[in-house]
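Undergrad: from the sequence below, what's the structure:
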Amino acid sequence: MEYLLQVKICALFGLLLLTLFFGFIPARVKWFRHTDGTETHRTVLSLISCFAGGVFLAACLLDIVPDYLSDINSVLDSRKLETNFPLPEFIMAAGFFTVLILERMVLNCREARGTPHDSERAPLIRDGRNGHDHVHGSSAGADLESSGHHVHVDFQAHSPFRSFMLFLSLSLHSVFEGLAIGLQNTDSKVLEICIAILVHKSIIVFSLSVKLVQSAIRPLWLAAYIGVFATMSPLGIAVGISVMEAELEAGTLIQSILEGLAAGTFIYITFLEILPHELNSPGKQLLKVLFILLGFSIMAALTFLG
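TA: Residues are numbered from 1 along each chain as shown. This is a model prediction of the structure:
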């Protein structure tokens, strides 16, 4: 077996094991799953969630969207396709509206069937300060609607559907990250990209796991999500190796379109699910912003360092 192929296979297993390790920390540690603790405990969980929000914001603006725009523009240039219509941005918008329409359809069907979903609408924390009520339980929706208090909450915060779409968009992006490793033709470049993805993905999978835990997904499904997500980059590496070995074209146009749809999905989840939930909940607003900036800054620094 040639050395380059050995390096790629080592990268494949390294990504798999490290992603599983960091992904199962929030999933297996009871502290992350406990939501009825002290005020300090809830505050720390909220700040961790804010940090994750900053990580996802940076991943969206500094990684996923730029990678997609670079790839799609390269494909369009190589095929000599010129148009005044902003096609790359339109594809992202299609991904955005796909998630929006699917989510509204799911909620509409549940309302038509009379399926209760107050547990998804209920804020996570009871807080009577400044006239803001944050309560647990299925009666939260009715209590909030009947009260005269002014309430700032995201009623779809931590919905399992949005968590699934977050998982889906990140998984698709991970396949393309792995594909970038598998398609390299020098071992130094493989190691360079692999190290960058290892650091980047460890933070991403930890943040994803925190969000999945907060969505109250069943432990078996949570383990399945993390397991599948961990296999995405290795799958991309395996596909890239196969393409290189078979000397086939990679189908770059289809890949770029899928990247664009994933980018649009991620934009929706980042700006309509992750950030609004924490920022619309009262208490320690400046500290929350600082932790969002901290998560963003760490990812920005990693991106800057290459």
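Undergrad: what helix or strand is E177 on?
TA: Element membership of E177 [criterion: DSSP states H and E] is helix 160-182.
Undergrad: what's that helix packed up against?
TA: For helix 160-182, the elements it packs on are helix 3-28, helix 87-113, helix 187-214, helix 219-246, helix 252-269, judged by 3 or more CB pairs under 8 Å, 6 or more residues apart in numbering; DSSP states H and E. C-beta: built from backbone N, CA, C; applies to glycine.
Undergrad: in contact with I298, which residues?
TA: Each residue near I298 by CB atoms under 8 Å, 6 or more residues apart in numbering is listed here: 54-55, 58, 203.
Undergrad: wait, which of those residues is closest to L275?
TA: G54 (8.8 Å; CB to CB).
Undergrad: what's the burial count for that closest one?
TA: 25 (other CB atoms under 10 Å).
Undergrad: read off the pLDDT value for it.
TA: G54 carries a pLDDT value of 86.
Undergrad: still on that earlier bit, turn the contacts of I298 into a markdown table, columns for secondary structure and distance to P26.
TA: Listed next are those as a markdown table, based on DSSP: H, G, I helix; E, B strand; the rest coil; distance: CB to CB, whole Å:
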| residue | secondary structure | distance to P26 |
| --- | --- | --- |
| G54 | helix | 16 |
| V55 | helix | 13 |
| A58 | helix | 19 |
| I203 | helix | 12 |
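Undergrad: what is the nearest of the residues you listed to A223?
TA: I203 (20.2 Å).
Undergrad: counting neighbours, what do you get for that closest one?
TA: 19.
Undergrad: measure it to I298 for me?
TA: With distances taken as CB to CB, to the nearest Å, I203 is found 7 Å from I298.
Undergrad: what residues are shared contacts of the two?
TA: V55.
Undergrad: hang on, the earlier thing: quick one: closest of the helices and strands packed on helix 160-182 to S281.
TA: helix 187-214 (12.3 Å).
Undergrad: what residues of the closest one count as buried?
TA: By neighbour count on 16 or more other CB atoms under 10 Å, the buried set for helix 187-214 is 187, 190-191, 193-194, 196-198, 200-214.
Undergrad: before we move on, what about stretch 285-304?
TA: 288, 291-292, 295-296, 298-300, 302-303.
Undergrad: just the closest of those to S233, please.
TA: Distances from S233 to these, taken by CB to CB, are shortest for L302, at 16.1 Å.
Undergrad: the closest one: what's it in contact with?
TA: Counting by CB under 8 Å, 6+ apart, the residues that L302 touches are 196, 199-200, 203.
Undergrad: likewise P234?
TA: 12-13, 15-16, 178.
Undergrad: okay, it: pLDDT?
TA: Listed pLDDT for P234 reads 89.
Undergrad: repeat for L20
TA: So, for L20, pLDDT stands at 91.
Undergrad: kindly report the same for I91.
TA: Here the pLDDT value assigned to I91 is 92.
Undergrad: which residues touch it?
TA: 72, 257, 260-261, 264.
Undergrad: thinking again about what came up before, just the buried residues from the contacts of P234, in ChimeraX please.
TA: Filtering these down to the buried ones (16+ other CB under 10 Å) takes a single ChimeraX command:
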select :12,15,16,178
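Undergrad: take the contacts of I298 and lay them out in a markdown table including distance to Q6.
TA: Below are the contacts of I298 laid out as a markdown table (distance: CB to CB, whole Å):
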| residue | distance to Q6 |
| --- | --- |
| G54 | 37 |
| V55 | 32 |
| A58 | 33 |
| I203 | 27 |
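Undergrad: in the helix or strand containing I72, which residues are buried?
TA: Using DSSP H and E, I72 sits in helix 65-78. Within helix 65-78, the residues scored as buried using 16+ other CB under 10 Å are 65, 67-69, 71-72, 75-76.
Undergrad: which strands or helices does that helix pack on?
TA: Using 3+ CB pairs under 8 Å, 6+ apart: helix 65-78 touches helix 87-113, helix 252-269.
Undergrad: identify each buried residue in the first one, please.
TA: When burial is assessed from 16+ other CB under 10 Å, helix 87-113 yields the following buried residues: 88, 91-92, 95-96, 99, 103, 107.
Undergrad: ditto for the shortest one
TA: For helix 252-269, the buried set under the neighbour-count rule, 16+ other CB under 10 Å, comprises 253, 255-269.
Undergrad: could you identify the most distant pair in these?
TA: Those two in the buried residues of helix 252-269 that are separated most widely, counting by CB to CB, are L253 and I269, at 25.1 Å.
Undergrad: since that was my last question, I'll sign off now.
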